[in-house]
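1. the following block contains a protein sequence and its predicted model.
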Amino acid sequence: MLTDRLALLVEHGILERTTASSGREEYSLTAKGHELWPTIRSLIAWGNEHYVPDGRRRRFAHAGCGDPIGPDGRCETCEVVPLPADLMLLPRVSSSPADKNTDVVSRALRAPHRLLEPIDRVAGPGEAGA
């Protein structure tokens, strides 16, 4: 199912598929994909407001100054609306049993990292990438 969905996103020009030097397929956002960020951010804010308890929300910070991003996507300090590559995804404040997973993605989500940075670059020191 994941392969079919990735293929559909490539077909529609939202993702671009390349082959890494390791031979592994990698996906990156196209310009069209980047244009989706305001919509995705709005859906995240809506979901947080209506369905996610405060401590379980994914938080974002402006990589430029390190300060929080408000529900409108604006940095609460410098008042700019950062592009996705200029956002830091922060760990959740509180944990749940699901947060104890040891796969590389779960481990990566427990550490701050830039939003579009590949998971294998955010795996902890000495850990293998995805």
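-> That came through, no problem. Since we're looking at a predicted model, the values are computed, not measured. Residues are numbered from 1 along each chain as shown.

2. which residues sit in contact with the closest residue to residue 55 other than its chain neighbours?
-> Among residues not flanking residue 55 along the chain, residue 94 sits closest, at 3.3 Å (Cβ to Cβ, 6 or more residues apart in numbering). Every residue, glycine included, has its C-beta placed from N, CA and C. By Cβ atoms under 8 Å, 6 or more residues apart in numbering, the contact list for residue 94 reads 53, 55, 56.

3. need the per-residue pLDDT for residue 94.
-> On pLDDT, residue 94 comes in at 77.

4. what about the closest residue to residue 68 other than its chain neighbours, distance to residue 67?
-> Nearest non-adjacent residue to residue 68, counting by Cβ to Cβ, 6+ apart: residue 76, 5.0 Å away. Here residue 76 is placed at a distance of 6 Å from residue 67 (Cβ to Cβ, to the nearest Å).

5. give me the three-state assignment for the residue nearest to residue 55.
-> coil (DSSP: H, G, I helix; E, B strand; the rest coil).

6. neighbours of residue 31, how many?
-> Counted by other Cβ atoms under 10 Å, the residues lying close to residue 31 total 9.

7. before we move on, the earlier item: most neighbours, which of the contacts of residue 94?
-> Busiest of those [other Cβ under 10 Å] is residue 56, holding 14 neighbours.

8. could you list every residue that touches the residue nearest to it when sequence neighbours are not counted?
-> Sequence neighbours aside, residue 92 is the residue nearest to residue 56 in space, at 5.6 Å (criterion: Cβ to Cβ, 6+ apart). Contacts for residue 92 (Cβ under 8 Å, 6+ apart) come out as 55, 56, 57, 58, 59, 99.

9. those: which two are farthest apart?
-> 59 and 99 (14.3 Å; Cβ to Cβ).
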